[in-house]
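Novice: Have a look at this fold, sequence not included:
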């Protein structure tokens, strides 16, 4: 089944404890992206990647890192999480690069930072 | 600064009737618009899109209308079904931009009553 998977789906952590949220797609998609969803703010882009080893900042990159060493994986790294990173995170991917390429979203990771 | 606005947090309609969800945007560079649907505990799924060269796009029960002069788009669902109950996000993109990101509105919760 073609899909975008994220792990973990739920995570509770404490301030400063490094964590990684994995994202994997099995559709051979070139473009991958991370969004966060917060109440009253919709979804905002954190980072994106147009291909292997090509990543760049979105609208809210502070406190996050990403890597794209393989086409299928795009992990989101929080080196020192803080409570303001408590959010619902979505990974997305699309076959090609371009606005008309449909982005497929993962099921989301709900993160609570205490 | 909210560039994509969905001013109605919620909408309730009767099964079989028309649902009209509205969206306004402020960025004149946006030229591609999408609607995503989101069920609880799932990621957003693509519903329908429209390019700024068109003023209407139809896909089955779903039609999106674009009024560029008013910077307004709407999603019509006819007839509405209980399974359409979900959060609907309007999103916009600038095809000339470098990151192909989607700028989302805050979403509208549609409830279709049997």
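Specialist: It's in. In this text the structure is predicted, and so the values were computed from the model without any measurement. Residues are numbered from 1 along each chain as shown, chains lettered A, B, ... in the order given.
Novice: Nearest spatial neighbour of the residue in chain B that chain A sits nearest to, chain-adjacent residues omitted?
Specialist: Nearest to chain A, among the residues of chain B, is residue B:43, at 3.2 Å (CB to the nearest CB). C-beta coordinates here come from the backbone N, C-alpha and C atoms, glycine included. Leaving aside its sequence neighbours, residue B:43 sits nearest to residue A:105 (CB to CB, 6 or more residues apart in numbering or on different chains; 3.2 Å).
Novice: Quick check, that neighbour in contact with residue B:45.
Specialist: Yes - contact status for residue A:105 versus residue B:45: in contact at 7.0 Å, counting by CB atoms under 8 Å.
Novice: Comparing the two, which shows the higher neighbour count?
Specialist: Neighbours were counted for residue A:105 and for residue B:45 using other CB atoms under 10 Å in any protein chain shown; residue A:105 has more, 21 against 14.
Novice: got a list of contacts for stretch B:71-79?
Specialist: Under the contact criterion CB atoms under 8 Å, 6 or more residues apart in numbering or on different chains, stretch B:71-79 has outside partners B:15-26, B:28, B:33, B:35, B:47-48, B:50, B:61-67, B:84, B:88, B:90, B:110.
Novice: one step back: name the residues contacting each of residue A:105 and residue B:45.
Specialist: Residues touching both residue A:105 and residue B:45 (CB under 8 Å, 6+ apart) are residue B:36.
Novice: Show me what from chain B comes close to chain A.
Specialist: B:2, B:4, B:31-32, B:36, B:41-46, B:49, B:51, B:89, B:93-95, B:97-102, B:104-107 (CB under 8 Å from any CB of the partner chain).
Novice: mind showing which ranges of the chain have poor pLDDT?
Specialist: The chain I'm using is chain A. A:99 (pLDDT under 70).
Novice: Actually, chain B is the one I wanted.
Specialist: B:98-99.
Novice: Just say helix, strand or coil for residue A:84.
Specialist: helix (DSSP: H, G, I helix; E, B strand; the rest coil).
Novice: Can you give me the neighbour number for it?
Specialist: Counted by other CB under 10 Å, the residues lying close to residue A:84 total 10.
Novice: By proximity to chain B, which residue of chain A wins?
Specialist: For chain A, CB to the nearest CB, closest residue to chain B: residue A:105, 3.2 Å.
Novice: tell me the phi and psi of that residue?
Specialist: phi -100, psi 150 (degrees, to the nearest 10).
Novice: can you pull the contacts of it?
Specialist: By CB under 8 Å, 6+ apart, the contact set of residue A:105 is A:4, A:90, A:91, A:92, B:36, B:43, B:44, B:45.
Novice: Now the second one: phi and psi?
Specialist: Yep, that's residue A:90 we're talking about. Torsion angles, degrees, to the nearest 10, at residue A:90: phi -130, psi 130.
Novice: What distance do you get for it to residue A:43?
Specialist: Distance of residue A:90 to residue A:43, given as CB to CB, to the nearest Å: 7 Å.
Novice: Next: the third one.
Specialist: Computed with CB to CB, the distance linking residue A:91 and residue A:43 is 11 Å.
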